[in-house]
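Asks: the following comprises the amino acid sequence and a computationally predicted model.
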Amino acid sequence: MTVTSPGTHPPAGSAATAPALSVRGLSVAFPSEAGPVQAVREVSFDVLPGRTLGIVGESGSGKSATAMGVMGLLPETAQVSGSVLLGGRDLVGLGDRELSAVRGKDIGMVFQDPLSALTPIFSVGRQLSDALRVHQDLTRQAAWNRAVELLDLVGIAEPHRNARAFPHEFSGGMRQRVVIALAMANSPSVIVADEPTTALDVTVQAQILDVLRTAQTETGAGLVLITHDLGVVAGYADDVAVMYAGRIVEQAGAHELFARPTMPYTIGLLGAVPRPEARASGRLVPIGGEPPSLVGLPAGCSFAERCPAAVDRCHQQEPPLTAVPGHGRVACWRSHDIADGNPAAGSLFSPPEAAVEEHRPDRRGPGETVLRVAGLARTFPLTKGAFLKRRVGTLHAVSDVGFELRAGETLGLVGESGSGKTTTLLEIMRLRPPEHGLIEIAGTDVAAPRSTERTQQLRRTVQIVMQDPMGSLDPRLPVFRLLAEPLQAVGTDRDAVRVRVEELLSLVGLDASLADRFPAALSGGQRQRVAIARALATEPRIVVLDEPVSALDVSVQADVINLLTRLQHELGLAYLIVAHDLAVMRQVSDRIAVMYLGHIVESGATEDLFTHARHPYTEALLSAIPVPDPQVERSREHIVLKGEQPSASRLPRGCVFADRCPLYPLLDGGTQQRCRTERPLLRPAASGTDHRHACHAR
Amino acid sequence: MIRHLTRKAAGWLVMIVVATNVTYVLAAWFLDPRSNYRGLRPVRTEEQIDHALAPYNLDPRTPLADRWWHWFSNVLLHFDWGKSPVGASVDSEIGFRVVVSGQLVTAATLLSVVAGVALSVFTASRQYGWWDRTTQLVSVFLFNVPAAVAALAVVFAGIWLNQHLGWRLLYVAGEKSPDVSGVWPTVADRFRHLVLPTLSLTLLGYVGYHLTQRSLLLDNINSDFVRTARATGLTRAQAIRRHALRASLIPTATSVAFSIPAIFTGAVITETVFGWNGMGQYFVQTIAKNDVHGAVAVAAFGAGMTAIGAILADVAVVVLDPRVRVR
């Protein structure tokens, strides 16, 4: 990561190195019933050997279709035009047989979902050696040995033994390492990575990005890194191309792009990302609106509808991608104006109404405690056998978890997958006596005997919003019925339901005309708003949110986060949020509890925690979040944890984090002994605050 | 693995013993061997008939429990499954019929599976293409053709072929010619008898494999791991064959194993049309002729084949799917 290239294409002949991959005017269209879907339009870019091009865009921007077009892996129905030059040879129009001689040999690919990317019935060693033998004349044994070397290279422990393992025996991170090994097996000159870390935990993401870097140095390949995560691009890419509605709308060196974005969409996107490194002064700035449908695009700029700087010309004519001095290449009629600071990039998108002023101060007031959890534990039996289930172990999903939640307050639970966050939520939602410990909702102990009526009241008090609104809303019910259902369940009469549904729709900022639509006819953001409205229908006091924005695009995500904040204000709700995105967490939470292997290892006020993290796990977790700013991202020190969270079926006797703790090897023998044998308890980190952590060494 | 199979086999053995004995009781209850003698001239008295049945352990005057015990101990000690009401040995009847049916079933099953799976790979790779639609149409049509019609059509086709050739290449009836000797002439003769019935069974049998395997394969064909395989440099066809097919073969392997007993005793119509003395025909005959011992033996044979099929299915799944571990 030394110098970034000038954002423009090197003119032919003057470049020191020929591009490894050169895409010119690539267009991809899929036939559909409504007409051809223009997934990719006139995309051009170069990838130099050893360098990284980041392609950023939201879902539907055409970034994956571009990758598939480069690989020649599009479905046969797709219409592809333009050229993909790899080593001087045009891949577009080649048959499957000719392409297969190129794929894997000259160009390798890393896919998004490592869980499904490997064939379940072959050992990973076999899959790797098969990949080698497709292109190289190797004996079985030689290919196997090379496969083991590759596994070692991508950081699979005990490669000799693990080469014989099957994909299902590996964790997601390990499988993605194998996929990277597959991509680099034949030393390709280009590696295309399509969202390589999206499905992974943030600490594992850092490891995988390291492995990708290894693969790149090892093969000297040019890398096309496709992602929606601006932080990943900031830390990793030399050049960045931003895609919107199938086109590249801005292309520049990473530093230029992040420092001086020019296309209004890029500016909006950067403004909508919650930044982990600093608490935003007010709400996030959403772009507003939704990306256009790719069928029958209007004549003008596809972003014009959402663009605050749009002029008449933007609606009539699509701007070409032209070089703007000092800014790279931009597809915007007003790029020169914006580059000159008129209008200034910073003032382009205005924060939503009622944003800045009233924020926060009064919120932590003496709101009454609405949820109290103490010493909560939940175990699951591990069984074996088809008919007679024998118990072979116990999974300690949650151990000794406790926290309090006050009205008007947001508590965030963070941690990697498998840390017990969701189990904790579900235990609370169950409204049954917990296996261990105490759950008190609005002053009522859920374990105490109560009338059916009281149970119904408790149900109304706690509501949940799920991660995927597509899955959590019945696709066969229109919005009105979806919102009326919880009301009918608590016995509201028909007229009142009608009134309340309208009220709810306006509360979450949806038009009343959406009431008779089905969820499939709504956009992702609208669906999540419906899910929130549904949760609010019965006027709860506690709303439990399980990854409420992780299924949404960045520009829409900001909208929903702002909505949640506004609702909390207006209704005095208490939020209990689970999210893996710590930047989002910093934005929305008042207090945060960090979970590891079913234990809370640190908790405290958000700012306190982010600025003075005490527990080594919290430190590592915070360090692993990529910051969407190349300057910061490349200069700061990363703590990359080794390995992955172990299974909760065999908890260590001492500190649950000791195995992966970066601090542990530095400790003296006595403390190490304590870490191994004595489970640390949560204790105050500093006097006068409720910042607490569980570590012997700090 | 061996331990697992032994355990499974033992379980099935118990199942077979129970099923067979229940069948014996039911058969002895409902089938009336005396009716075989009633139509005879000169007319015999009931007593004479019972007397005639007595040596075959079918005398209704003997209590059922005694008859059962006699039958059961004979099966256990001598593997003697008894006699028909007219004194023919069940063992020898089944002995040669198993061989006859075996030829038919083995060839037809193998051909059906190979043809069905090959066709499914071919058509699933061309989903909604001309070939896919056409073969699917043909398969659905064949699926709905009654076995008798299909067999007769095959017979006519065979006769037409023979007439055009001017000599009898393919036999349309029987499983062998009576007057052939020598190894190679025998093999050739059996083969010429076998072609048409096998063809007719295959035509009806491949359809199921084609249609189910096609849809199983389609579930896998667009999966991520096939795409990964293609990204490593396999052509689409190779990736489908090596990665998608094997993963989707598992349910088919199970269903093949379980279909063996059904074809063994279920090819009645085909056997009848082609004049083969197979198990299916025997099954129908024994019941029609009130042959208690014969019917029970066929049932036991079916149970045995089911057990073998189930165990084969287990083996196939373990071989095909490494995720299944046997303990």
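Replies: Happy to help now that I have it. Keep in mind that what you see is a predicted model, and the values were worked out from it rather than measured. Residues are numbered from 1 along each chain as shown, chains lettered A, B, ... in the order given.

Asks: okay, now the closest residue to chain A within the stretch 201-327 of chain B: neighbour count?
Replies: Closest residue of the stretch 201-327 of chain B to chain A, Cβ to the nearest Cβ: B:Gly233 (3.2 Å). Bear in mind the C-beta positions are built from the backbone N, C-alpha and C, glycine included. B:Gly233: 27 surrounding residues under other Cβ atoms under 10 Å in any protein chain shown.

Asks: can you check B:Met1 too?
Replies: 11.

Asks: just checking, it touches B:Val318?
Replies: Yes: if you go by Cβ atoms under 8 Å, B:Met1 and B:Val318 touch, sitting 7.0 Å apart.

Asks: would you double-check that A:Glu602 falls in a helix?
Replies: No: if the criterion is DSSP: H, G, I helix; E, B strand; the rest coil, then A:Glu602 is strand and not within a helix.

Asks: that one pairs with what?
Replies: A:Val594, A:His693 (DSSP bridges).

Asks: roughly how far does it sit from A:Phe657?
Replies: Separation of A:Glu602 from A:Phe657 (Cβ to Cβ, to the nearest Å): 10 Å.

Asks: and the stretch 101-250 of chain B, which residues reach chain A?
Replies: Neighbours of chain A within the stretch 101-250 of chain B, by Cβ under 8 Å from any Cβ of the partner chain: B:223-238, B:242-243, B:246-247.

Asks: let's see which of these end up in strands.
Replies: Among those, none falls in strands (DSSP state E).

Asks: what's in contact with stretch B:130-148?
Replies: B:119, B:122-124, B:126, B:150, B:200, B:203-204, B:206-208, B:210-211, B:214, B:269-270, B:273 (Cβ atoms under 8 Å, 6 or more residues apart in numbering or on different chains).

Asks: and if we set it to 10 Å?
Replies: B:116, B:119-120, B:122-128, B:150-153, B:200-201, B:203-211, B:214, B:266-270, B:272-273 (Cβ atoms under 10 Å, 6 or more residues apart in numbering or on different chains).

Asks: neighbours around the closest residue to A:Asp690 other than its chain neighbours, how many?
Replies: Closest residue to A:Asp690 apart from its sequence neighbours, by Cβ to Cβ, 6 or more residues apart in numbering or on different chains: A:Gly604 at 6.1 Å. When neighbours are defined as other Cβ under 10 Å, A:Gly604 has 24 of them.

Asks: surely A:Leu230 touches A:Ile625?
Replies: No: using Cβ atoms under 10 Å, A:Leu230 makes no contact with A:Ile625, being 11.8 Å away.

Asks: who touches both of the two?
Replies: A:275, A:633.

Asks: same drill for these two, tell me which one is more crowded.
Replies: A:Leu230 (26 against 23).

Asks: so who does the more buried one touch?
Replies: Contacts of A:Leu230 (Cβ under 10 Å, 6+ apart): A:54, A:56, A:240, A:242, A:257-258, A:266, A:269-270, A:272-273, A:275, A:554, A:626-629, A:633.

Asks: the stretch 201-350 of chain A: strands as residue ranges?
Replies: Secondary structure of the stretch 201-350 of chain A by DSSP state E, counting those that start in this stretch: the strands cover A:222-227, A:239-244, A:247-253, A:322-324, A:328-330.

Asks: any chance of CSV for those strands, columns mean neighbour count, mean pLDDT and distance to chain B?
Replies: Formatted as CSV, the strands of the stretch 201-350 of chain A follow (neighbours: other Cβ atoms under 10 Å in any protein chain shown; pLDDT from 0 to 100; distance: least, Cβ to the nearest Cβ, whole Å):
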stretch, mean neighbour count, mean pLDDT, distance to chain B
strand A:222-227, 26, 93, 13
strand A:239-244, 28, 93, 21
strand A:247-253, 27, 92, 24
strand A:322-324, 17, 87, 34
strand A:328-330, 27, 88, 30
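
Asks: can you put those strands in TSV and add distance to A:Arg161?
Replies: Converted to TSV, the strands of the stretch 201-350 of chain A look like this (distance: least, Cβ to Cβ, whole Å):
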stretch	distance to A:Arg161
strand A:222-227	30
strand A:239-244	41
strand A:247-253	44
strand A:322-324	54
strand A:328-330	48
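
Asks: where does the stretch 1-150 of chain A get nearest to chain B, residue-wise?
Replies: Taking Cβ to the nearest Cβ, the stretch 1-150 of chain A has A:Gly104 as its residue nearest chain B, at 3.2 Å.

Asks: would you confirm that that residue contacts A:Leu128?
Replies: No: using Cβ under 10 Å, A:Gly104 makes no contact with A:Leu128, being 11.3 Å away.

Asks: quick check: neighbours shared by those two?
Replies: A:182, A:185, B:232.

Asks: just those residues: which are in helices?
Replies: A:Leu182 (DSSP state H).
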